Structure formats: structure tokens, C-alpha cells
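Enquirer: Sequence first, predicted coordinates after that:
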Amino acid sequence: MNDERQRAPRRADGAAGPGGGRSAGPDLAISARDLVRAFEDGRVRALDGVSFDVERGETLAVMGPSGSGKTTLLNLLGALDRPTSGRLAIAGEEVVLGGHDQDLDRLRAREIGFIFQLHNLIPTLSARENVELPMMGLRVPRAARRRRSEELLGRVGLADRADFSVKKLSGGERQRVAVARALANRPHLLLGDEPTGSLDSRTGTEVIDLLLELRREHGLTIVLVTHDPGVASRMARIVELRDGRVSGDRRV
Amino acid sequence: MLLAFKNLARRALRTSLSVLGVAVGVGAIVAFTAMGEGFKASIDRYGRDSGADLVLVEDRAGDPAFGRILAEELDAMRALPDVRGVSASLVMPASLPGRAAPFLVLGRDLEDELLAAYRSPALRGRLLEGPREIMLGEIAAEELGKRLGDRVELFGRDLEVVGIFRTGVRWENGGAVVDARLLREQLTMPERSAMVAFVYLSDDEALPVVTLHLQGTYPRLRVLPTAFLASGFEQLAYVDAFIWVISLAALIVGAIGVLNTMLMNVSERVREIGTLRAFGWPKAMVMRLILGEGLVTSILGGIGGSLLGVVAAELLMELVPQGILAPVYGWRTFGRGMAVAIVLGVLGALYPAWRASRLAPAEALRYE
């Protein structure tokens, strides 16, 4: 696990990377400038000029009422979608407006780990097989996948559950499998969409504790979208959105 | 591939029905191919067992049973150097009381080499010596309950069973051999003429020369090595065409089954596919996953269909009273079935795979 940060930050020198664009600086995990994401031929602006930077290793909560643009922003930060206009760089890779989908695929595979509210595990697979899935996308050899998944499951306290079907795991255990899966490809950026939303408060706290431990160990940047002020207060910084704009940005 | 298996196992009943759909189509192909191949093999065996070197069939007739080779032509062939003998062969289906299956009656000239071939591998009694005699195949004799010395009523004649033979050809064992004159009379064919001629050479090495000569002299006749007699039966090509039509029907029905199953599988797993795309799985990889599931379905169907086809062919053989055919299970039989299965797997999964690969990850993750 200690090799997480031994890998030098890639393409921090300004060279073109998998995102297809230039670097936005070596110390920034995210650089967003005037991000606009419009739908329905521009009639609906889910994001309307959002700008902020996130430093490497920072923890950030994105809050805001429903419809404020949180999920749209998370999709952009996760390279799941492209902005209509504005500039966005993730882990030094610029997300080019008209770029190739393959570039975003590579960016997601290498730089970004996702944790979802409903864990999104594949129910017919074991915990280990679920953790191996992101590595399959990068064509990691089977033996290396197995080693890495067992190491990660050990780290999240599920070494003895590795070969269990995820259907037999509790909600908290499933979310820990999802955390292990998110780290499979050694990403720099971890994105969570209400990662504790389906857990009871004690289990939710345990999952946040685990994420913060992993951040300390690997220097991860964590961005969580949450409605829960308790979860948000565990992050170092809170960005609030309202009507697609940043309405607040404070350090906790 | 493991992932494909596990995904299919999630909806075991749906997958099983889809596999069954493929298996039924493949089973029909395997059964009909096995029977078609069996029939061809039996014709070739019939040619080989004659002991002759060449066989002449009339090309334009389509079915050699409609062919006519005149006595003068046969005599001219007999006069060729290196030709030891030329035998006439005639065949006619007949019906016998109490027997539903086709009963093939072969006509042979007496004291002829083609008739003498019935001595081996097994002949009880003796060869024909006159027009009031009949030799029965072993299966026919058993089914008719006839023994040597018994009498059989055929073409309005009362014939004595003088021999009971067994050859390597099933339909021949289910038939009979009579004096060729009887058949010529029934068919109003000229004296000493033939439907098919078997040519015996005195020197094997003369085969190419004699073949060329016969081809040049008798352009309306096809000159075939006896081991490839089946290629002289144009109607066997129709059997092949029939099998391909069945294959096509199986392909369409099976592919629709696979298409339906895979479309349902994809529509149920939109969020899951979105998750895989979120991890950076490229579109091509998602496509391969769904295609893999289609292929697994169709290969399982192909294996099941091959077994089903063998069972169906054997059952059909049981239903035919005298089993005039013996199915042959060769690489061609199963190869055709598996090839059709694989093609329909790919065809059926192609569109669902394309659809799955086109899902926008952000929208797929929101899918309820």
C-alpha cells in the first residue's frame, strides 16, 4: 500500500496527457474555470460559471439543495461528462471540450476512483472480483489483479470476506468493498456521491474514518457530494452550490 | 468470459430458455445433416462395395434412377481396352403388403460381376439363377418373416427366396435383388439397357485413360469413381439446400431469441454498465462483454443442440420401420451446427452490445 504515492505525478510538466490537454499545474488536483453545463439546447444551465481549485491531498465536500448542480459537477469532475464551456483540468489533465471519449476513459481509469451511494457492486461477483473490475479496464494481468484486490480488501478490513458474494455482505461491508474497488487503479482523486447516504450513522462514520485514513496513507484528494452536514464537517473544505453557481466556499 | 458466465447465471431461467431456443435450431441442423451425410455415405459405400472401378450415371436425369444407358453403349464400353466388364444396374421402389417403408428392388443381370458382389460379406443360400427368384436383404427378410425357400409376391409374380444377403449398406439390406429383366419389363426399358453402369477394369492404372475416353465419348454421362457415387445424385444437393434452409430458419429464430435475451440483460444492467464505464472501461470492452455473453449463450445452445440432434436422429431412425438410413456424425455434422450457433450468437448480441457501449456513463449511473 505504501507504493501508492511512490509513483511520480504523471504529466505534471505540462505535456499532453490522456485528457488530451495541457497541465493545469502540479499541485492542483482539480482546476475549474467558468464551468458551464447546459442541457436542452442551452435552456437549462445545471452549472452556470463555476470556478474553484482543489489542491492535491485536499478533502472537499460539495453541498447544496437538490437541483443545485452537485451531481452535474461531480460528473464533470469524474470525467463522466464534458462541460459545455469553461476550462477543467483533473490531476493535471485538461478535459477538452471536443476530445475523444477514449481520452476520458483513460483519465477515469488512471486518475479517478468513484464511490456511489448505492455502492453499485455487481451482485453475482465476489468482493474480490468486484475490486478487480477497474483493473480489468487497464488490462492488469490476473495474478497482479488478485494480489492488489486482496491487499485492498485486507486494508479495508475484509480480508476474510474476499471470496464472499457481495450479496452476503452487510451494507457497511459492501461500501468498504466499494472503497477498495475505487482504489484499485491507484487513483489520485477519489469522488464520492453521497457515499454514506444509504448507511446508518455509525457505519457512515466508519466509512468516512476509513476514507480519511486512506487519504493520509496515500495522499488522496477526496471530493464528496453530500447532504449530511456531519459528513461535510469531516472534510477540510466545503463548497456550496446554489442554482448552478458557487454560493459559498469555506475551510472547516 | 467468467464475468459473462456469471452475468448469464443471474437470470438462469431466461438464459436457459434462450439456450434452448438455440439448441432446438442447432439440433434440427445436426439431425438433418447427420441423416444427409449418412445417406451420402451409404451411396458411396454402395458404389465401393460393387467392386467396380468406375460408375456411369446419366447427368441430365438428376436422379440416376431415371437414367437410361443403352445396350449398344454398354457393349461399346465392354470392347474398350483395359475394360474387364461392364454391369448394368437398375433400381425401382416397390411396396409390399404389410410394410410401410420404401422397399428398394435392385435389378442385376444373371452371372454378372455386380451380382456376384453379394457373395460377400455374407450370403445365405445362393445367387439368383433365373427370373422367378429373389434375393432378400437381411433386414427385409426379417421384417417380412421370410426364410430361404419361402415365396414373395412382387410385381404380380410369385418369386422364390433363394438368397438372404447382408451388405454394408443399410437400405440395401432393407431391399431385394431380382433378375434385371423383371425390372426392365416393369419400367418398359429396352433389353440389356441400364440405369447406371458399373465399369470393371483389368488394370487399375488405366483408370485415368478410360475415364477420359468415356467422358469424351459419352458427354451426357457422368463418369465417377465408384467411391464418389453420391456426387452423381443431384437430388442430394437438394438435401443440402434443404438443410441450409433449416439452418437459416434456425439462425433467424435463434438470433431473435439471443437478441431478446441480451436486450433485456442490457436494459436491466444500465447502471452497472455505467459503473464499468466510470472505472474507465472503454466502449469496446463493454461491447466485448455483451458479445461474450451472447457467444456463451449460443455455444451452450450449440453443445445442447448437438446432443439434441443426435437424440433426434436416433429417434427418427427408430421411427422408420426398416431404418433405411444410418446417420453419420462427423465433423461436418457438428461443425455446421456449431458454426450456425456461433453466427447467431454474434448476430443476436451485436445490437445489444452496441447499445450498451453507447450508454453515456453519467446518464447510465443515474438510471433507476
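Expert: Perfect, thanks for sending it. Residues are numbered from 1 along each chain as shown, chains lettered A, B, ... in the order given.
Enquirer: Only C-alpha atoms from now on, for both contacts and neighbour counts.
Expert: Will do.
Enquirer: could you pull out the strands for the chain?
Expert: All of this refers to chain A. Taking DSSP state E to define them, one finds strands in chain A at A:28-39, A:44-55, A:59-63, A:85-90, A:93-94, A:112-115, A:189-193, A:221-225, A:237-242, A:245-251.
Enquirer: Chain B is the one I meant
Expert: Using DSSP E, the strands found in chain B span residues B:54-58, B:83-96, B:99-108, B:122-125, B:133-137, B:151-154, B:157-166, B:176-179, B:196-201, B:221-225.
Enquirer: Nearest to chain A, out of these?
Expert: strand B:99-108 (54.7 Å; CA to the nearest CA).
Enquirer: Show me the contact partners of that closest one.
Expert: By CA atoms under 8 Å, 6 or more residues apart in numbering or on different chains, the residues outside strand B:99-108 that reach it are B:88-96, B:114-115, B:144, B:171-172, B:174-183, B:320-322.
Enquirer: Write the ChimeraX selection for whichever of these are buried.
Expert: Selecting only the buried entries of the contacts of strand B:99-108 in ChimeraX, with 16 or more other CA atoms under 10 Å in any protein chain shown as the criterion:
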select /B:88,89,90,91,92,114,115,171,172,174,175,176,177,178,179,180,181,182,183,322
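Enquirer: nearest spatial neighbour of B:Pro131, skipping sequence neighbours?
Expert: Sequence neighbours aside, B:Asp179 is the residue nearest to B:Pro131 in space, at 5.2 Å (criterion: CA to CA, 6 or more residues apart in numbering or on different chains).
Enquirer: now that neighbour, which residues is it bridged with?
Expert: Beta bridges link B:Asp179 to B:Arg108, judged by DSSP bridges.
Enquirer: Tell me which of the strands of chain A sits most buried.
Expert: Counting by mean count of other CA atoms under 10 Å in any protein chain shown, strand A:93-94 has the highest mean neighbour count of these, with a mean of 28.
Enquirer: Next, work out how far apart A:Thr59 and A:Phe114 are.
Expert: Applying CA to CA, to the nearest Å, the value for A:Thr59 to A:Phe114 is 15 Å.
Enquirer: and if you look at A:Ala180?
Expert: Shown here: A:Ala180 relative to A:Phe114, a distance of 10 Å by CA to CA.
Enquirer: With B:Ile256 instead?
Expert: Look at B:Ile256 and A:Phe114: by CA to CA, they are 37 Å apart.
Enquirer: Could I get the contacting residues of the residue nearest in space to the middle of chain A?
Expert: Nearest to the mean C-alpha position of chain A, counting by CA atoms, centre = their mean, stands A:Leu191 at 2.0 Å. For A:Leu191, the contacting residues are A:74, A:78, A:112-115, A:222-224, by CA under 8 Å, 6+ apart.
Enquirer: how does it look with 10 Å?
Expert: Neighbour list for A:Leu191: A:60-61, A:74-75, A:77-78, A:112-116, A:182, A:221-225 [criterion: CA atoms under 10 Å, 6 or more residues apart in numbering or on different chains].
Enquirer: Same question for B:Thr15.
Expert: B:7-9, B:21, B:257-258, B:261-262, B:265, B:293-294, B:296-297, B:300.
Enquirer: Kindly recompute the last result at 8 Å.
Expert: B:8-9, B:261, B:297.
Enquirer: can I get these in TSV with pLDDT and neighbour count?
Expert: Shown next, in TSV, are the contacts of B:Thr15 (pLDDT from 0 to 100; neighbours: other CA atoms under 10 Å in any protein chain shown):
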residue	pLDDT	neighbour count
B:Leu8	83	22
B:Ala9	80	14
B:Thr261	87	24
B:Thr297	91	31
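Enquirer: Of all pairs in these, which one spans the longest distance?
Expert: B:Ala9 and B:Thr261 (12.5 Å; CA to CA).
Enquirer: Return the nearest residue of the stretch 201-350 of chain B with respect to chain A.
Expert: Counting by CA to the nearest CA, the stretch 201-350 of chain B gets nearest chain A through B:Gly280, at 4.1 Å.
Enquirer: number of nearby residues for that residue?
Expert: B:Gly280 is flanked by 31 other residues according to other CA atoms under 10 Å in any protein chain shown.
Enquirer: got it, and A:Pro134?
Expert: A:Pro134 - counted by other CA under 10 Å - has 28 other residues nearby.
Enquirer: cool, the one 4 residues further on as well?
Expert: Neighbours of A:Leu138 under the rule other CA under 10 Å: 17.
Enquirer: And B:Ala241, by the same measure?
Expert: By other CA under 10 Å, 12 other residues sit near B:Ala241.
Enquirer: Same question for the one 5 residues further on.
Expert: The number of residues packed around B:Ile246, counting by other CA under 10 Å, is 17.
Enquirer: Please name the residues that touch it.
Expert: B:25, B:28-29.
Enquirer: Poorly predicted segments of chain A, please.
Expert: Chain A contains residues with pLDDT under 70 at A:1-26.
Enquirer: can you do 80?
Expert: A:1-27, A:96-99 (pLDDT under 80).
Enquirer: Look at B:Gln322 and report its pLDDT.
Expert: For B:Gln322, the pLDDT comes out at 51.
Enquirer: I misspoke; the intended subject was B:Phe103.
Expert: pLDDT at B:Phe103 comes out at 80.
Enquirer: now do B:Ala353
Expert: Value for B:Ala353, per-residue pLDDT: 94.
Enquirer: How about B:Arg358?
Expert: The per-residue pLDDT reported for B:Arg358 equals 90.
Enquirer: That one: neighbour count?
Expert: 13.
Enquirer: Next: A:Gly42.
Expert: 11.
Enquirer: all helices of the chain, in order?
Expert: All of this is about chain A. Under the criterion DSSP state H, helices of chain A are mapped to A:70-77, A:101-111, A:127-137, A:142-155, A:171-182, A:201-218, A:229-232.
Enquirer: Please refer instead to chain B.
Expert: For chain B, applying DSSP H gives helices covering B:2-10, B:12-49, B:71-78, B:113-116, B:138-144, B:170-173, B:180-187, B:207-217, B:234-268, B:270-278, B:283-319, B:331-358, B:361-366.
Enquirer: Between the ones you listed, which one is closest to A:Met135.
Expert: helix B:270-278 (10.6 Å).
Enquirer: So is the closest one next to chain A?
Expert: Yes: Helix B:270-278 lies within reach of chain A by CA under 8 Å from any CA of the partner chain, at B:271-272, B:275-278.
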